[in-house]
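Visitor: got a predicted structure plus its sequence, pasted below:
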Protein chains: 2
Amino acid sequence: MQRYFLNEDLKDYQNQTISISGDSFHHMIKVMRMKVDHRVYLVTKDQQAFIAKINAIEENKVLLNWVEDDLRQQELPIDVTIASGLPKGDKLDLIVQKGTELGASAFIPFAGSFSITKWDTKKAAKKIERLQKIAQEAAEQSHRTKIPTLQPLASVKQLIEMKEQFDVCLVAYEESAKAGEDQNFVKGLKMLPAGGKLLIVFGPEGGLSKDEVGAFIQNGFLPCALGPRILRTETAPLYALAAASYHFELMHK
Amino acid sequence: MQRYFLNEDLKDYQNQTISISGDSFHHMIKVMRMKVDHRVYLVTKDQQAFIAKINAIEENKVLLNWVEDDLRQQELPIDVTIASGLPKGDKLDLIVQKGTELGASAFIPFAGSFSITKWDTKKAAKKIERLQKIAQEAAEQSHRTKIPTLQPLASVKQLIEMKEQFDVCLVAYEESAKAGEDQNFVKGLKMLPAGGKLLIVFGPEGGLSKDEVGAFIQNGFLPCALGPRILRTETAPLYALAAASYHFELMHK
């Protein structure tokens, strides 16, 4: 069953007709060719998910009614924010799409000193908008109740300043992997309180500079390895999210 | 430092000049423009890794000498084989590349009844060869000592017949996720003996048919969910491998 995010909180959705226009209308009626009585999942802006049935199809909107609430818990029990050093090509698309499926809460692209890719201010807004759309589509596809947030391009300094917003901050560091350091990631997950907020920083293809890693560590970020193999910049965040899901959703349920 | 796989076992590599030609020669000298005294990692066919130094560069080959052994353990302590129902487009490339980084031991493409993509016999051999090359490049990049094997295209029947080769067989099943089944994957990992062999089957985009899932389960495959979110066919194997690494390499070290 298809899933669509609404733009409103819609507090009283059980007792009112719900009207959908725009992209979701287009997808339901023009792409999926849905008819009256067809059912879909809808998710309000405050993360209430429910099943709704199509009542009527008008020229530019579709009208639906609530059928039943969907009370399944689809969200990771912790908030994971992925900070990615700007990678080459369309790798950020992959990180956002797969990271959303795997339960990420937010993404922050940042300009690492070894990033070959640069974003100018004009390009940045367009790119964030595009990535936000990828996140929304992946959230619908993976049956989430939350669309991860794409945050504006940050600098390393700005990332470090955000540390107060998080319970635990980690920085993935290839040299940690080479040195056989393999406990900090587990330690980081275990330090998280219920519903806690985790920030994990991943360098671009060339990695983080020694200065950058030093600055993160000095500011309380734990350097961590994600196993002994060297993961590409777009693979490491997916490892971290899958491992967090294994830890909190499969193992410790 | 670059890493190259040798085509030979090369038992006495510490006391002989090692000669490399072909693709690796081309990559070292033409692509990376390496010179005499430059160092690389070499890996023999029986998974011995060591550092070697370039001695001489000839027209079609490069000669190297052993410097020191690389004794780091880069391989997952269990063997994981990923069986993927033929997905659309180039998704199998992604599964093989990322799955290799994440430590997979072998890949088996299979023709699921809901696979839209079909491979004819002529195409299949070419495709396997291409995927084997992707696996080799990813193994070099991620510093592995083993190149995962690409096995020939299988049927569901053939997959089931392979069960005797494995200690534990799992089948990822979306309906398990929806039903809140979330213990079998953990159980499967815990059942594995040291160095054990695990087979995990993933359906194509349309999933596995009820008959296929039924046949797997009847033959002792455990149906399992990989968390509560619906993962795409190319994301689920990456989750399983990352979770296995977290379980065996980070948590239980």
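Guide: Thanks, I have it.

Visitor: what pLDDT does the residue in the stretch 1-150 of chain A that chain B sits nearest to get?
Guide: Chain B sits closest to A:Ser142 of the stretch 1-150 of chain A, with a gap of 4.4 Å, by C-beta to the nearest C-beta. Where C-beta positions appear, they are placed from N, C-alpha and C, glycine not excepted. If you check A:Ser142, the pLDDT there is 94.

Visitor: residue contacts, it?
Guide: A:74, A:100-101, B:229-232 (C-beta atoms under 8 Å, 6 or more residues apart in numbering or on different chains).

Visitor: ok, and the most crowded of those residues?
Guide: With neighbours set by other C-beta atoms under 10 Å in any protein chain shown, the maximum within the contacts of A:Ser142 is found at A:Thr100, which has 29 neighbours.

Visitor: so what's that residue closest to, chain neighbours aside?
Guide: A:Ala138 (3.7 Å; C-beta to C-beta, 6 or more residues apart in numbering or on different chains).

Visitor: cool, A:Lys187 as well?
Guide: A:Lys187 sits nearest to A:Leu222 (C-beta to C-beta, 6+ apart), 7.1 Å away.

Visitor: could you check how far the one you found is from A:Ala83?
Guide: 14 Å (C-beta to C-beta, to the nearest Å).

Visitor: can you check A:Leu192 too?
Guide: 17 Å.

Visitor: so for those two, which residue has more residues nearby?
Guide: A:Ala83 (26 against 20).

Visitor: in which helix or strand does that one reside?
Guide: strand A:79-85 (DSSP states H and E).

Visitor: and what of A:Ile54?
Guide: Under the assignment here (DSSP H and E), A:Ile54 is part of strand A:49-57.

Visitor: tell me the helix or strand right after that strand.
Guide: That would be, after strand A:49-57 and using DSSP H and E, strand A:62-69.

Visitor: relative to that next one, what are the paired strands and their orientations?
Guide: Next to strand A:62-69 in the sheet, as set by DSSP bridges, lie strand A:18-20 (antiparallel), strand A:49-57 (antiparallel).

Visitor: and the longest one, how far from the chain's centre?
Guide: Put simply, strand A:49-57 sits 27 Å off its chain's centre (C-alpha atoms, centre = their mean, to the nearest Å).

Visitor: can you give me the buried ones in it?
Guide: By 16 or more other C-beta atoms under 10 Å in any protein chain shown, the buried positions in strand A:49-57 come out as A:49-50, A:52, A:54.

Visitor: list the contacts for the residue nearest the centre of chain A?
Guide: Ranked by distance to the mean C-alpha position of chain A (C-alpha atoms, centre = their mean), the top residue is A:Ala104 at 3.4 Å. By C-beta under 8 Å, 6+ apart, A:Ala104 lies in contact with A:80-82, A:148, A:237, A:241.

Visitor: write out the residues of the stretch 1-150 of chain A neighbouring chain B.
Guide: By the rule C-beta under 8 Å from any C-beta of the partner chain, the part of the stretch 1-150 of chain A lying against chain B is A:72-74, A:98, A:101-103, A:141-144.

Visitor: go with 6 Å
Guide: Counting by C-beta under 6 Å from any C-beta of the partner chain, the residues of the stretch 1-150 of chain A close to chain B are A:74, A:98, A:101, A:142-143.

Visitor: what sits against A:Ile134?
Guide: A:93, A:96-97 (C-beta atoms under 6 Å, 6 or more residues apart in numbering or on different chains).

Visitor: quick one: A:Val62 from A:His143, how far?
Guide: From A:Val62 to A:His143 the distance is 20 Å (C-beta to C-beta).

Visitor: with neighbour numbers in mind, choose between these two.
Guide: A:Val62 (24 against 21).

Visitor: partner residues bridging that one?
Guide: A:Ile20, A:Ile57.

Visitor: just to revisit the earlier point, helices and strands around the strand holding A:Ala83, which ones?
Guide: strand A:106-110, strand A:197-202 (3 or more C-beta pairs under 6 Å, 6 or more residues apart in numbering or on different chains; DSSP states H and E).

Visitor: looking at those, which is buried most?
Guide: strand A:197-202 (a mean of 24; mean count of other C-beta atoms under 10 Å in any protein chain shown).

Visitor: so, low pLDDT: which residues of the stretch 101-250 of chain A?
Guide: A:176-182 (pLDDT under 70).

Visitor: can you go through the contacts of A:Ile134 and name the buried ones?
Guide: A:96-97.

Visitor: from the contacts of A:Ile134, pick the one nearest B:Pro87.
Guide: Closest approach between these and B:Pro87, by C-beta to C-beta: A:Gln97, at 14.9 Å.

Visitor: buried sites along the helix or strand where A:Lys126 lies?
Guide: Element membership for A:Lys126 (DSSP H and E) is helix A:121-141. By 16+ other C-beta under 10 Å, the buried positions in helix A:121-141 come out as A:124, A:127-128, A:131-132, A:134-141.

Visitor: tilt between it and strand A:106-110?
Guide: 150 degrees (axes from the mean of the first three to the mean of the last three C-alpha atoms, to 10 degrees).

Visitor: what sits up against the helix or strand just after helix A:121-141?
Guide: From helix A:121-141 onward toward the C-terminus, using DSSP H and E, the following helix or strand is strand A:149-150. Strand A:149-150 is contacted by residues A:106-107, A:128, A:131-132 when judged by C-beta under 6 Å, 6+ apart.

Visitor: also stretch A:83-98?
Guide: A:107-112, A:115-117, A:131, A:134-135, A:138, A:159, A:201-205, A:233-234, A:237-238, B:235.

Visitor: and that stretch, how far out from the chain middle?
Guide: Using C-alpha atoms, centre = their mean, the offset of stretch A:83-98 from its chain centre is 12 Å.

Visitor: burial measure for the closest residue in space to A:Ser113 that isn't next to it in sequence, as a count.
Guide: Sequence neighbours aside, A:Ser209 is the residue nearest to A:Ser113 in space, at 4.9 Å (criterion: C-beta to C-beta, 6+ apart). Residues near A:Ser209, counting by other C-beta under 10 Å, number 14.

Visitor: look up how far chain B lies from A:Ser209.
Guide: Plainly put, A:Ser209 is 18 Å away from chain B if you go by C-beta to the nearest C-beta, to the nearest Å.

Visitor: is it true that that residue touches A:Ser115?
Guide: No. With contact defined as C-beta atoms under 6 Å, A:Ser209 does not reach A:Ser115; the gap is 10.6 Å.

Visitor: and stretch A:224-233 with chain B, contact?
Guide: Yes. For stretch A:224-233, a contact with chain B is found by C-beta under 6 Å from any C-beta, at A:227-231.

Visitor: sitting in helices, which of the residues you listed do you find?
Guide: Members of the residues of stretch A:224-233 next to chain B lying in helices (criterion: DSSP state H): none.

Visitor: and of these, the nearest to B:Glu249?
Guide: A:Gly227 (4.8 Å).

Visitor: what sits against that closest one?
Guide: Taking C-beta under 6 Å, 6+ apart, one finds B:245, B:249 in contact with A:Gly227.

Visitor: would you mind measuring from it to A:Asp211?
Guide: 26 Å.

Visitor: can you give me the neighbour number for A:Glu234?
Guide: A:Glu234, neighbours per other C-beta under 10 Å, totals 23.

Visitor: so who does it touch?
Guide: Neighbouring residues of A:Glu234 by C-beta under 6 Å, 6+ apart: A:91, A:94-95.

Visitor: mind putting these in TSV, pLDDT, neighbour count and secondary structure included?
Guide: Formatted as TSV, those follow (pLDDT from 0 to 100; neighbours: other C-beta atoms under 10 Å in any protein chain shown; DSSP: H, G, I helix; E, B strand; the rest coil):
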residue	pLDDT	neighbour count	secondary structure
A:Lys91	96	18	helix
A:Leu94	97	19	helix
A:Ile95	98	26	helix
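
Visitor: that's all I had, so thanks and see you.
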